[in-house]
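# give the three-dimensional model of this entry:
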Amino acid sequence: MKILYLSAYSAPEKAASSYLGANRNQAFVDAGFRMVNYSPVPTRGVSRATRKEYLWHHRREERFDGKFVLHRFYLMPESKHTVQRFLRYFLQDIKQFNRAVFHRDARSCDLLFLLSTPPLHGAMGALVSKVRHIPFVYNLQDIFPDSLVGTGLTRKGSLLWRIGRKIEDFTYRNADRIIVISEDFKRNILAKGVPEEKIEVIYNWVDEEAVVDVPRSDNVLLDRYGLDPDKFYVTYCGNIGLTQNMDLLLDVAQSLQVREPAIQFVLVGEGADKARVEAQVAVRGLQNVTLLPFQPYEDISHVFSLGDASLVISKPGVGENSVPSKTWSILSASRPVIASFDENELRDIIRDHSCGLFVPAGDKEALEAAVLDLFHHPEKAREFGRNGRRFILENLTRAVGTRKYVDVIKSFEK
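Down below sits the predicted model:
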């Protein structure tokens, strides 16, 4: 079996949850599959010099002892402006469609696999599948156009939303198998008429050996960024984007700055909203908020172990069907999660397994109370952390998750 993989990003790019793709690809080649990947020249989290180097000298690359062949193509750098980002995504899909249909390596592939990012990616994959007459496995990591409503780019029932629904239906109808990352995702697309036999639920996992508890005395980030080891740290790690409700986080930080100066907030990551958040921190005079850049994967344990508690946060209406992958990394590092989120199965997991605190999305008083609760009861926080690690080892390890992906692909073998 030879898999055609069309990805939006590829190493050395620094994208959230990039380990999932690396783990999955490793499992595919270990299972005996070969892979051909078409991806843009790296842009996210790399320097201009690195981008130029890959543009001129790494247009074709072999990985996993030649079992994975990566073809790169030129695409404009990513922009934080919505229209420019959409144009980039549109051009990406055109280029990937062209290569998937006409390129010699692509034409030797037996099956198409791709993720749901960017928004039109699935529809492009459906077209490739129809033209090439090969099976299409669609990994639904985000539900479009629901996600656009969550970001405020449109509203339910608008012209853009109706067009998005048509595109969504076309994609689901032409996918041979749809892998979703939660039971809530499954319920969402079942309600849209997708046959249940098409759907496979595979939760995003965490590499439990790569993300472990690092004692504060050994955490390299404290010295690297001059952080006081005696403070109580509440961390947010991941995309600092338009849906994460950073304003709510800053409101809580502002409220606690005088009341509990020992509580410090650390935001680790990049994203479209980061510059505005940095400006707000300065305007509000928040001395208890520190923003750090995206950290290399080799320091992932240090990142998720830095906090005494770690946040999963979104604006109301955004997280109805999602369980952010960063949750599993928080729990794998034996840290309690504080989720300010729409009520879904994330709430049930946190409560049923006693691994953190769940509060309604957008509720400032409840979020502030949760932070203070763990601050004033450190043993409770540590117990939540131990419970979280146990939950990961029993349910969401790398081996379990990747084996399920392999089984889906094997089901198409003749």
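
# state the number of residues packed around residue 169.
Neighbours of residue 169 under the rule other CB atoms under 10 Å: 14. Just so you know, the C-beta spots here come from the backbone N, C-alpha and C atoms, and that holds for glycine as well.

# quick one: low-confidence parts of the stretch 251-400 of the chain?
The stretch 251-400 of the chain contains residues with pLDDT under 70 at 320-321.

# hey, where'd the helices end up in it?
For the stretch 251-400 of the chain, applying DSSP state H, counting those that start in this stretch gives helices covering 274-284, 300-305, 326-332, 345-352, 364-376, 378-395, 398-410.

# you'd agree residue 234 is up against residue 309?
Yes: shown here, residue 234 and residue 309 form a contact pair, counting by CB atoms under 8 Å, at 5.3 Å.

# overlap in contacts of these two?
338, 371 (CB atoms under 8 Å, 6 or more residues apart in numbering).

# hang on, the earlier thing: looking at the helices of the stretch 251-400 of the chain, which is buried most?
helix 326-332 (a mean of 28; mean count of other CB atoms under 10 Å).

# name the residues that touch that helix?
16-17, 203-208, 211-212, 237-238, 300, 304, 310, 312, 336-337, 339, 346, 349, 355-356, 385, 388-389, 391-392, 396.

# stretch 216-234 too?
By CB under 8 Å, 6+ apart, stretch 216-234 touches 262-266, 290, 292, 295, 299, 302-303, 305-311, 338, 371, 375.

# now do the buried residues in it.
219, 221-222, 227, 232-234 (16 or more other CB atoms under 10 Å).

# tell me how far that stretch lies from the chain's centre.
25 Å (CA atoms, centre = their mean, to the nearest Å).

# same check on stretch 370-377?
27 Å.

# contact partners of that stretch?
Counting by CB under 8 Å, 6+ apart, 232, 234, 252, 256, 260, 262-263, 308-309, 336, 338, 340, 357, 359, 380-381, 384 sit against stretch 370-377.

# again, but for stretch 147-164
Applying CB under 8 Å, 6+ apart, the set of residues contacting stretch 147-164 is 82, 119, 144-145, 241-243, 314-315, 317-319.

# likewise for stretch 97-114?
Outside stretch 97-114, the residues touching it (CB under 8 Å, 6+ apart) are 1-7, 36, 38, 69, 71, 73, 121-122, 124-125, 127-129, 131-132, 134-139, 409, 412.

# make it 6 Å
With contact meaning CB atoms under 6 Å, 6 or more residues apart in numbering, stretch 97-114 is reached by 1-6, 36, 38, 124-125, 128-129, 131, 134-137, 412.

# return the members of those classed as buried.
1-6, 36, 38, 124-125, 128-129, 134-137, 412.

# so which of those are in helices?
124-125, 128-129 (DSSP state H).

# can you tell me which of those is nearest residue 279?
residue 124 (36.2 Å; CB to CB).

# give the contact list for that closest one.
Residue 124 neighbours (CB under 6 Å, 6+ apart): 93, 97.

# next one: residue 338 from residue 249, what distance?
Separation of residue 338 from residue 249 (CB to CB, to the nearest Å): 11 Å.

# looking at these two, which is more packed in?
Set side by side, residue 338 and residue 249 show more neighbours around residue 338, with 27 against 22, by other CB under 10 Å.

# identify the bridge partners of that one.
For residue 338, the beta-bridge partners are residue 311, residue 357 (DSSP bridges).

# wait, isn't it in contact with residue 310?
No: between residue 338 and residue 310 there is no contact under CB atoms under 6 Å: 7.2 Å.

# related to what we said a few turns ago, quick one: buried ones out of the contacts of stretch 216-234?
263-266, 290, 292, 295, 299, 302-303, 305-311, 338, 371, 375.

# where do the strands sit along the stretch 51-200 of the chain?
Per DSSP state E, counting those that start in this stretch, the stretch 51-200 of the chain carries strands over the ranges 60-63, 68-73, 111-115, 136-140, 177-180, 199-201.

# I'd like those laid out as JSON lines, including distance to residue 104 and mean pLDDT.
Converted to JSON lines, the strands of the stretch 51-200 of the chain look like this (distance: least, CB to CB, whole Å; pLDDT from 0 to 100):
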{"stretch": "strand 60-63", "distance to residue 104": "12", "mean pLDDT": "94"}
{"stretch": "strand 68-73", "distance to residue 104": "10", "mean pLDDT": "97"}
{"stretch": "strand 111-115", "distance to residue 104": "16", "mean pLDDT": "97"}
{"stretch": "strand 136-140", "distance to residue 104": "20", "mean pLDDT": "97"}
{"stretch": "strand 177-180", "distance to residue 104": "26", "mean pLDDT": "98"}
{"stretch": "strand 199-201", "distance to residue 104": "31", "mean pLDDT": "97"}
